[in-house]
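Asks: build the 3D model from these lines:
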Amino acid sequence: MALRYNKEYRREPFELPAEVEAMPIFREWASGALAGKIASPFWEVAKPRKQQKCLDLGCGLSFLIYPWAEWDAFFYGQDISVVAKEALNSRGSQLNSKLFKGVQLGAAHQLNYAADQFDLVIATGFSCYYPLSYWDAVLTDVKRVLKPDGFFVFDVVNPDAEMAENWAILETYLGSEVFLEPLADWQKTIKAAGGQVAKTVSGELFQLYKVKFS
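Replies: Numbers count the residues shown, from 1 in each chain. Predicted coordinates:
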């Protein structure tokens, strides 16, 4: 996963079979149109508020894209891509040294933060690359670092979405195998971790969850 995203952030070319490049979804991906189409607007279910401490897992370049200054919320990031980490750490403080609290290199199930530290934890765009058993560990550590009244916002692929199968094929050829898990199984995983779904939003590909832990 890290190799794939390092390559993508560096804008290095991917060599794909002709039959994959002929797929309409590939052309959308290559033009950049697909990213906006499938992105999950986490702020629609849990908008960061002033002075809140927010942790963005798999953050990519999000501090440079989303309106953190407008939200006036503190941004902490974590990503497995060294390219994303270095890009944000070199530019984030220049953009807003007050709100930007740095990006750590690491996986979503290993959070080097204090218990009860965050008001909001965000994890969008990458749950589908790991099995549900891995997300048991992620949810456990997210619950630990969240404040008792905090929320976890993350998204999962809806396997019944019209584009899900073709998107999974494209992602596999880009170097990221996709696990198309039933939404019912995700809900069971959330419940088993002590989470309650406070709100859901359905997109063209991803289902967005706002979760509170008991």
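
Asks: and the helices in this structure?
Replies: Remark: helices assigned in the chain by DSSP state H are 2-9, 18-21, 24-31, 33-38, 62-65, 68-71, 82-96, 132-145, 164-174, 183-192.

Asks: which one of those helices lies nearest to residue 207?
Replies: Each of the helices of the chain has some distance to residue 207 by C-beta to C-beta; the shortest is helix 183-192, at 6.1 Å. All C-beta atoms are positioned from the backbone trio N, CA, C, and that covers glycine.

Asks: quick one, what contacts the residue most central in space within the chain?
Replies: With distances taken as C-alpha atoms, centre = their mean, residue 124 lies nearest the centre of the chain, 2.2 Å away. Counting by C-beta atoms under 8 Å, 6 or more residues apart in numbering, residue 124 touches 39, 40, 42, 58, 153, 154, 155, 206, 208.

Asks: helix or strand with the lowest mean pLDDT in this structure?
Replies: Across the helices and strands of the chain, mean pLDDT, DSSP states H and E gives its lowest value to helix 2-9, namely a mean of 90.

Asks: buried ones in it?
Replies: Residues of helix 2-9 classed as buried: 4, 5, 7, 8, 9 (neighbour count, 16 or more other C-beta atoms under 10 Å).

Asks: tabulate the residues you listed (a markdown table), appending distance to residue 192.
Replies: Output for those, formatted as a markdown table (distance: C-beta to C-beta, whole Å):
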| residue | distance to residue 192 |
| --- | --- |
| 4 | 29 |
| 5 | 29 |
| 7 | 35 |
| 8 | 33 |
| 9 | 34 |
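
Asks: quick one: residue 208 from residue 186, how far?
Replies: According to C-beta to C-beta, to the nearest Å, residue 208 stands 12 Å off from residue 186.

Asks: one more: residue 135?
Replies: Counting by C-beta to C-beta, the gap from residue 135 to residue 186 is 8 Å.

Asks: how about the longest strand that the chain contains as PDB, C-alpha atoms only?
Replies: Determined from DSSP state E, the single longest strand within the chain is strand 146-157. Backbone C-alpha positions of strand 146-157 (Å, rounded to 0.1, in the frame of the first residue of the first chain) are rendered in PDB as follows:
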ATOM      1  CA  LEU A 146     -10.800   9.300  21.500                       C
ATOM      2  CA  LYS A 147     -12.300  11.400  24.300                       C
ATOM      3  CA  PRO A 148     -15.400   9.900  25.800                       C
ATOM      4  CA  ASP A 149     -17.600  12.300  23.800                       C
ATOM      5  CA  GLY A 150     -15.600  12.000  20.700                       C
ATOM      6  CA  PHE A 151     -16.500  10.600  17.300                       C
ATOM      7  CA  PHE A 152     -14.800   8.300  14.800                       C
ATOM      8  CA  VAL A 153     -15.700   9.000  11.100                       C
ATOM      9  CA  PHE A 154     -14.700   6.500   8.500                       C
ATOM     10  CA  ASP A 155     -15.900   5.100   5.200                       C
ATOM     11  CA  VAL A 156     -16.300   1.600   3.700                       C
ATOM     12  CA  VAL A 157     -17.000   0.500   0.200                       C
END
